[in-house]
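Asks: Just the structure for this:
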Amino acid sequence: MCQDAMDPLELMLFYIITINLQELHYHSIISLLLRTSGLYGAHKGIDRTMNH
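Replies: Numbering: from 1, shown residues only. Next up, the predicted model:
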């Protein structure tokens, strides 16, 4: 049994799940970037205070 086309409901569910996963991934990447840039900024700040 070969089913080429998905049911509209199935397609909609798949779409919603995919969007939610992408959104989640996007937010985790953003938070990770913010965290690493914050750590990097703090590190540079420490270097600057130690140099002076």
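Asks: The spatially most central residue of the chain and residue 33, how far apart?
Replies: For the chain, the residue nearest the mean C-alpha position is residue 26 (2.3 Å; CA atoms, centre = their mean). Between residue 26 and residue 33 the computed distance is 11 Å (CB to CB, to the nearest Å). In this view, the C-beta of every residue, glycine as well, is placed from N, C-alpha and C.
Asks: Can you classify the residue nearest to the centre of the chain as helix, strand or coil?
Replies: Classification of residue 26 using DSSP: H, G, I helix; E, B strand; the rest coil returns helix.
Asks: Burial check on residue 8, number of neighbours?
Replies: Using other CB atoms under 10 Å, residue 8 has 8 other residues around it.
Asks: give me the low-pLDDT residue ranges for the chain?
Replies: 1-6, 43, 46-47, 49-52 (pLDDT under 70).
Asks: Please enumerate the helices of it.
Replies: 8-51 (DSSP state H).
Asks: Residue 34 and residue 12, how far apart?
Replies: 33 Å.
Asks: meant to ask about residue 36
Replies: Residue 36 is 36 Å from residue 12, by CB to CB.
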